[in-house]
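Asks: here is my input; please provide its structure:
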Amino acid sequence: MIRSLLYIWALILFISALGSCSKASEDMLMTVQQCDTSGMKYNADILPIITTNCYSCHANGIVNGNVSLDGYANLKTQADNGNLVGVITHASGYPPMPDNGGKLSDCEINKIKAWIVAGAKQD
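Replies: Okay, the predicted model is just below:
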C-alpha cells in the first residue's frame, strides 16, 4: 500500500515537472520569436533605436567623446570601424553605452549587429 502511494506521488511530481518545463520552453520560444532580426532597415529598424538611446549625447550638435551619430554617414562610420558594436555590447576596451549605465536590450543589440552584418545599408 505504501509502495503504491509512493509511486503515485512520484508520478504526480514527474507530470508536474514536465508541465513546468514545457511552459518555460514555450516562454523562451516566444521571447526568441519576438525579436526578428531579418531584413533590418536603417530607417525603419536601426534609426529608432539610435535616436531613442544615443541622440541625447551624440547628435543635434552634441558630440560627446568626439562621436556624432547624427545621420547615416556618421553611424555607418561607427558601424564600419567596430566601435558601435563594441560600445553597445559593453565589450572590454570600449566605453559602455548608453552612458547612463543602462544597456540596450539583447534584441536591440542583435538588430544592430544583423544590420551591420548585412552591410549596414541605408535603405
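Asks: could you use CA atoms for every contact and neighbour count after this?
Replies: Will do.
Asks: what residues of the helix or strand harbouring Cys107 count as buried?
Replies: Following DSSP states H and E, one finds Cys107 within helix 106-117. Of all the residues in helix 106-117, those buried under the rule 16 or more other CA atoms under 10 Å are 108-116.
Asks: burial of the closest residue to Ala59 other than its chain neighbours, as a residue count?
Replies: Nearest in space to Ala59, with sequence neighbours left out and distances taken as CA to CA, 6 or more residues apart in numbering, is Asp70 at 4.6 Å. The burial metric for Asp70, expressed as a neighbour count using other CA atoms under 10 Å, is 19.
Asks: got a list of what Asp70 touches?
Replies: For Asp70, the residues meeting the contact criterion (CA atoms under 8 Å, 6 or more residues apart in numbering) are 55, 58-60.
Asks: turn the buried residues of helix 106-117 into a markdown table, columns for distance to Gln34 and pLDDT.
Replies: Compiled in a markdown table, the buried residues of helix 106-117 are given as follows (distance: CA to CA, whole Å; pLDDT from 0 to 100):
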| residue | distance to Gln34 | pLDDT |
| --- | --- | --- |
| Glu108 | 11 | 98 |
| Ile109 | 14 | 98 |
| Asn110 | 12 | 98 |
| Lys111 | 12 | 98 |
| Ile112 | 15 | 98 |
| Lys113 | 16 | 98 |
| Ala114 | 15 | 98 |
| Trp115 | 17 | 98 |
| Ile116 | 20 | 98 |
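Asks: where does pLDDT dip in this protein?
Replies: Residues of the chain that meet the criterion pLDDT under 70 lie in 1, 3-7, 9-11, 13-33, 101.
Asks: centroid residue for this protein?
Replies: Asp106 (1.9 Å; CA atoms, centre = their mean).
Asks: what does the one helix or strand Val87 maps to contact?
Replies: Secondary structure assignment for Val87, by DSSP H and E: helix 83-88. The contact list for helix 83-88 (CA under 8 Å, 6+ apart) reads 78-79, 92, 94-98, 103-104, 109, 112-113.
Asks: any idea which of those is closest to Leu47?
Replies: When those are ranked by distance to Leu47 (CA to CA), Ile112 comes first, at 9.7 Å.
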